[in-house]
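Enquirer: dropping a prediction and its sequence here:
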Amino acid sequence: AQSVTQPDARVTVSEGASLQLRCKYSYSGTPYLFWYVQYPRQGLQLLLKYYSGDPVVQGVNGFEAEFSKSNSSFHLRKASVHWSDSAVYFCVLRDTNAYKVIFGKGTHLHVLP
Amino acid sequence: EAAVTQSPRNKVAVTGGKVTLSCNQTNNHNNMYWYRQDTGHGLRLIHYSYGAGSTEKGDIPDGYKASRPSQENFSLILELATPSQTSVYFCASGDAPYFGAGTRLSVL
């Protein structure tokens, strides 16, 4: 069955530190993968997407993610976080043959100033 | 830039009443989605659509109907609202879905 797992419900880092948010997926084949960010009382905003090709994809605001088929992972990274990055981050999978979109439970990032 | 507009932004309804949540997109996307977001459950898919005239059941369709009368519009209908349907509802469109700002629904 298709699924997305974000093993860390909450992550706390200090401003200026590097960041990795983990995402594991279950899918037979290569899915379409996304990372979204949600700020309080707002909708979800697309950070980056992976369809195929280079496994490292660049997104907005200095975020990048690396796709690994062997590890079934799509981890999100940022070299130096800012307090304004505090938000909830969702890893998302879309079936390449259908329109169904599956969300992870989200990781709440708290950046200490 | 892609735009998805939801209305109303906030709604208070009574138990047993009918509620219609509206979504409009100007992106000419074929696929549209309705989700609800609840603490502890994340986002759950209620209904989705491939295009005008189509609606498909998502993971939690019970108690909800959907209508896609045109490419631009996708509505979510609660015929008999219940307190368990109190939630934040998001509409989205596209292959890398663009989300609306959400509708906060309270059913009393």
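Expert: Nice, I can see it.
Enquirer: from here on, just use CA atoms for contacts and neighbour counts.
Expert: Fine.
Enquirer: from A:Leu76, how far out is the residue sitting nearest the centre point of chain B?
Expert: For chain B, B:Trp34 is the residue whose C-alpha lies nearest the centre (CA atoms, centre = their mean; 3.5 Å). B:Trp34 is 26 Å from A:Leu76, where distance means CA to CA, to the nearest Å.
Enquirer: count of residues packed around the closest residue to chain A within chain B?
Expert: Closest approach between chain B and chain A, counting by CA to the nearest CA: B:Ala101, at 4.3 Å. Residues lying near B:Ala101 (other CA atoms under 10 Å in any protein chain shown) number 21.
Enquirer: where exactly do the strands run in chain A?
Expert: A:3-5, A:10-14, A:19-21, A:24-26, A:32-38, A:44-50, A:56-58, A:64-68, A:73-78, A:87-94, A:101-103, A:107-112 (DSSP state E).
Enquirer: next: chain B.
Expert: Under DSSP E, chain B gives strands at B:4-7, B:10-13, B:19-25, B:32-38, B:42-49, B:56-57, B:65-67, B:75-78, B:87-93, B:98-99, B:103-107.
Enquirer: what's the fifth one packed up against?
Expert: In other words, strand B:42-49. Counting contacts by 3 or more CA pairs under 8 Å, 6 or more residues apart in numbering or on different chains; DSSP states H and E, strand B:42-49 packs against strand A:101-103, strand B:32-38, strand B:56-57.
Enquirer: now find how far off-centre it is within its chain.
Expert: Chain-centre distance of strand B:42-49: 8 Å, with CA atoms, centre = their mean, to the nearest Å.
Enquirer: also the second one?
Expert: Shown here is strand B:10-13, whose average C-alpha point lies 14 Å from the average C-alpha point of the whole chain (CA atoms, centre = their mean).
Enquirer: so what strands line up beside the helix or strand of chain A with the lowest mean pLDDT?
Expert: Least confident helix or strand, chain A: strand A:101-103 with a mean of 87, by mean pLDDT, DSSP states H and E. Here strand A:101-103 has these sheet partners by DSSP bridges: strand A:87-94 (antiparallel).
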